[in-house]
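> Dropping the sequence and predicted coords here.
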2 protein chains.
Amino acid sequence: MAEETWDVVIVGAGLSGLSAAQTLRKRNGKLRILILEGKERVGGRTVTEELPAAHGVDQWDMGGQWVGSTQTYVMDLIREFGIEVYPQYTEGKKVHHFGGPHAKLRTSSTTDLALSLVGLLDLSLLIWKIDKLTATVSVKNPMRTPNAQQYDSMTLHSYIEKHVWTEEVKQVIGVCSRVMFGMEPNQMSFLYFLMYAAAAGGITCMLETNPGSGQEFRVKGGTQQLSKRLAQQIGGESVRLGQAVVAIWQDAEWAKVTTATQSYLCREVIVTCPPHLAAKIQYYPALPNQREHLTQNMPVGHLIKFIITYQTAFWREKGFSGEIVAQPSAECPLSVTFDGTSPNGSAALVGFISGAQASEWSSREVSQRTAAVVLSLVKYLGEEAAHYIHYEEKDWALEEYSGGCPVNVMAPGLLTYYHPSLRRPCGRIHWAGTETATQWCGYMDGAIQSGQRAALEVLARLCHFTLTQEEMEIAQASQKQNNESTPCGPTPSASHLRRALFITTLTMATAALLAKPQVCRNWIGQAWEVVLQKFATVCGSKPL
Amino acid sequence: MAEETWDVVIVGAGLSGLSAAQTLRKRNGKLRILILEGKERVGGRTVTEELPAAHGVDQWDMGGQWVGSTQTYVMDLIREFGIEVYPQYTEGKKVHHFGGPHAKLRTSSTTDLALSLVGLLDLSLLIWKIDKLTATVSVKNPMRTPNAQQYDSMTLHSYIEKHVWTEEVKQVIGVCSRVMFGMEPNQMSFLYFLMYAAAAGGITCMLETNPGSGQEFRVKGGTQQLSKRLAQQIGGESVRLGQAVVAIWQDAEWAKVTTATQSYLCREVIVTCPPHLAAKIQYYPALPNQREHLTQNMPVGHLIKFIITYQTAFWREKGFSGEIVAQPSAECPLSVTFDGTSPNGSAALVGFISGAQASEWSSREVSQRTAAVVLSLVKYLGEEAAHYIHYEEKDWALEEYSGGCPVNVMAPGLLTYYHPSLRRPCGRIHWAGTETATQWCGYMDGAIQSGQRAALEVLARLCHFTLTQEEMEIAQASQKQNNESTPCGPTPSASHLRRALFITTLTMATAALLAKPQVCRNWIGQAWEVVLQKFATVCGSKPL
């Protein structure tokens, strides 16, 4: 078969690949751009499905679903297409359950987790410490972070074991890690965790539903429409589905991109698929060893997302927000749920089974998972949870040409040895995808940012006259050794420390009121000693 | 092209694949066996080359080269082919250099490393602790190891930071990790390290050149001849070179193994290539998610091996053994050298550039590496080192269908979540390769053991009548959940503890003789306190 000739071939029709194409097209309408996608649809890790609901059917996102006002790339795209967003429903009590299946259920009506007072103090101190560290991280070049080697040599688990006192808070971090990464805290480098948090503007931004945070808004009509609209704008004939790329060869003149049935010649290639899938492509000449090592060490998380629809949002009526955060157990597969009611008012909950729990539960029958999820919902929200209309789930590990969700992480030792390879082009090949983003890495926003950055790299080579000086610098940054040393990330605020101090005082006062005077005096003395010791550590100049 | 039909297709003609074929052939001469190899040679990570030497040319191993008497599988094969082994030359002073480029060079004439007395004490205690832990590890099912989760959640680096006092010993462990795995201590799970040590019979077995250890003997004529002889015995027509497998499909009746030019139908497949290469093959139906996760988390080490030949073994004449163990630095790329003189008397040194150092040095010109290696040898062994005949190196990261050496390791979190997938067959696909071995995993011996085990699995399915009851159990073990709990590994001996005590006493006595009485008294008091504290920890029942 004769080889087709194009200017740019993009591997992957998710938000990253489509955004790259959009930027290329906007800058130079003459560029001949082809997007090859393995799946039979566009959208990558976003997919919107119609499910049976209270009023017939309605739409839900089975992949990425939340956006936030600080996610400027995705918000710009949403505005461009005139799509509406609406805030995540958060009113009412949140149910939080840590300490094992038989531990006490707690509820909270604030943004704080419902933990014991000591747990809240512990968590506040931890967040304060991590925020302080995050502020020192250079997202563009994590190797320049103070004590980079030390933090990249330990897992998130090792850091937590060293700096967290209470079992509750260790469990909370486990749940956060599972939901944010689909990974256990012992599978990722602590420096990677810090870099990821820094790219999002701080750890609280990743966790919360507040303004500016990652779970602030949902998108009317679902997030997959962003990719569908982009594909439409670029032109359907430029997007070929069911065309998984198996090989990329390059020589002095051309790159040749091969699928199972066809080969395409082009000048530049943008690979946007997740690292573990990019690693499956055959490259000739072979990629630099550092790049190979990188993709061999970036496992993807495991997430099963479920939507369960109801006749009414009974939890709202009972004063619950629909948010459950739980330590999974043999009986309870879920880690987190939120209210997932559609803008049309179709009642639903959205939840996640993730990390080791996803691995454990994925091999069972869907009926078993459904039963266990419903049982957990009954336990946390009441009997009404048993009377659902429809349970739909998506195990992203089983999705071909994804193989996992939400993101690929880095094992220890990667950032300090191989990080420059993450974005550095290999000849005619440029790397995009949310894992290569420097803003909201791992999110839809990061996917778009990385696609646009890769497009600038390509434009710099094919038609540099279309770029401003600033854009040329962005395009060239990935080529360089990434040796700028300016740290970026949020400025640490003292609010968490103040909260911790307040909670400590409250704890002491409560104890003094409740306990016997002598016992109380001893206990307060010991507790203060621990607190003061911790404060001495975090306020000292030593690495945390 | 018409598809050929075979009984068994084996992917990879290294020691593992060829041993599998040998076992199959021996048990059932009628089985039609095909071995497909991507490289243009057999031998996998063993390759023997002719190099310019003192007496014209001579042969050296550029890959795996040492064997030991406890490596029963490889020793049996060596005996079967009537090949001779000879002991590694170890007589004379060893040069050990830790503490940075300007630190004092030390020499040792015993098997001990030339460290300070405190360093020796520290190292002895560490080895004693690790031996004690190793003895509790279940190689076949590491999840059953006491505190498995804890040890799998930390890197080797984190353990060392917690349990080693001296910078010297931290550097020693770094060198060991680099040479044994081609990896830095912060890239691998501590539980994986323990399992690897247990599979070898203890950490000292892996490190030393003593009887029973991993570096006891070398093989006359090189180790690649084992694979060449096996291929000859199996029949040249059964081994096809330059046939890299790109896809394995299976259905109820057949497995279809596809290379770039041909497809083969068969009943059973044995995949023997390293995990990161097995991960590049396209499988249909997709492999279970746990298996995918496993191969995504098992990066291969980076090792550059060099042979440098000389007119005479001048180091022997000067009383050196040729062994150098050094902390690599900007000037010194090497970690370790040994005497590599051939059985014909052609003088040579063999050495390794490994781990992050290999990654750092691999991008430079060979002339730069040669110059730096020679400069280091001059520094450690004298001016004569400058007058070499030939410098030959092999960067295993650049070798196609290897991509690294000596072994793939596991990042934290792997053993406790996904380990059963390591050997568990996926339909008609059986997994071999040294990474799947339960005896001397990572060594040539492990490659053979794993190949033979996979052959038993295939025989159990195709002609179970050829197996004994015991063999049937071995064949079925990989299918099971691996839930046997009997710990295996070496019995910890008290010799290291005794040695530590002896060295402590010696240290005290020397200090008492040299220092002023008052200073000495204080110092001994403090040192004893540390020692006693450490002993209390290691002798206690708490996890180490």
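Cool, the structure landed.

> just so I have it, where are all the strands in the stretch 101-250 of chain A?
Remark: strands assigned in the stretch 101-250 of chain A by DSSP state E, counting those that start in this stretch are A:106-108, A:217-219, A:239-240, A:245-250.

> can you give me the helices for the stretch 151-300 of chain A?
A:156-163, A:167-181, A:190-200, A:203-207, A:224-234, A:275-278, A:289-296 (DSSP state H, counting those that start in this stretch).

> So which elements touch the first one?
Pointing back at helix A:156-163 there. Helices and strands touching helix A:156-163, by 3 or more C-beta pairs under 8 Å, 6 or more residues apart in numbering or on different chains; DSSP states H and E, are helix A:117-134, helix A:167-181, helix A:190-200. C-beta here means a position set from N, CA and C on the backbone, and glycine is covered the same way.

> Could you identify which of those helices is most buried?
helix A:190-200 (a mean of 27; mean count of other C-beta atoms under 10 Å in any protein chain shown).

> helices and strands around that helix, which ones?
helix A:117-134, helix A:148-152, helix A:156-163, helix A:167-181, helix A:203-207, helix A:414-418.

> at 7 Å what do you get?
Contacts defined by 3 or more C-beta pairs under 7 Å, 6 or more residues apart in numbering or on different chains; DSSP states H and E place helix A:190-200 against helix A:117-134, helix A:148-152, helix A:156-163, helix A:203-207, helix A:414-418.

> ok so, going back, nearest to B:Ile448 among the strands of the stretch 101-250 of chain A would be which one?
Distance to B:Ile448, taken as C-beta to C-beta, is lowest for strand A:245-250 among these, at 33.1 Å.

> what's the closest non-adjacent residue to the spatially most central residue of chain A?
By C-alpha atoms, centre = their mean, chain A has its centre lying nearest to A:Gly442, at 4.2 Å. Among residues not flanking A:Gly442 along the chain, A:Val407 sits closest, at 3.8 Å (C-beta to C-beta, 6 or more residues apart in numbering or on different chains).

> where exactly do the strands run in the stretch 251-400 of chain A?
Using DSSP E, counting those that start in this stretch, strands in the stretch 251-400 of chain A cover A:255-259, A:263-266, A:268-271, A:282-284, A:303-309, A:320-326, A:336-339, A:348-354, A:390-395.

> Redo the ones you listed as JSON lines? Include mean pLDDT and mean neighbour count.
Listed next are those as JSON lines, based on pLDDT from 0 to 100; neighbours: other C-beta atoms under 10 Å in any protein chain shown:
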{"stretch": "strand A:255-259", "mean pLDDT": "96", "mean neighbour count": "20"}
{"stretch": "strand A:263-266", "mean pLDDT": "97", "mean neighbour count": "18"}
{"stretch": "strand A:268-271", "mean pLDDT": "98", "mean neighbour count": "28"}
{"stretch": "strand A:282-284", "mean pLDDT": "91", "mean neighbour count": "15"}
{"stretch": "strand A:303-309", "mean pLDDT": "97", "mean neighbour count": "24"}
{"stretch": "strand A:320-326", "mean pLDDT": "95", "mean neighbour count": "24"}
{"stretch": "strand A:336-339", "mean pLDDT": "96", "mean neighbour count": "22"}
{"stretch": "strand A:348-354", "mean pLDDT": "97", "mean neighbour count": "26"}
{"stretch": "strand A:390-395", "mean pLDDT": "98", "mean neighbour count": "18"}
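
> Same list (these) but as CSV, adding distance to B:Trp249.
Compiled in CSV, these are given as follows (distance: least, C-beta to C-beta, whole Å):
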stretch, distance to B:Trp249
strand A:255-259, 17
strand A:263-266, 22
strand A:268-271, 25
strand A:282-284, 18
strand A:303-309, 27
strand A:320-326, 41
strand A:336-339, 38
strand A:348-354, 30
strand A:390-395, 22
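
> which one of the ones you listed lies closest to B:Lys26?
strand A:282-284 (35.5 Å).

> residues from chain A in reach of chain B?
Residues of chain A lying near chain B by C-beta under 7 Å from any C-beta of the partner chain: A:152-155, A:157-158, A:184, A:186-187, A:276, A:279-280, A:286, A:289-290, A:292-293, A:296-297, A:299, A:302, A:356, A:359, A:362, A:397-398, A:400, A:403, A:411-413, A:417.

> Let's have the helices and strands packed on helix A:156-163 in JSON lines, adding mean pLDDT.
Formatted as JSON lines, these follow (pLDDT from 0 to 100):
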{"stretch": "helix A:117-134", "mean pLDDT": "94"}
{"stretch": "helix A:167-181", "mean pLDDT": "94"}
{"stretch": "helix A:190-200", "mean pLDDT": "96"}
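
> To A:Ala103, which of these lies closest?
Of those, nearest to A:Ala103 by C-beta to C-beta is helix A:167-181, at 8.7 Å.

> Report the distance from the closest one to the chain centre.
A distance of 14 Å separates the centroid of the chain from that of helix A:167-181, by C-alpha atoms, centre = their mean, to the nearest Å.
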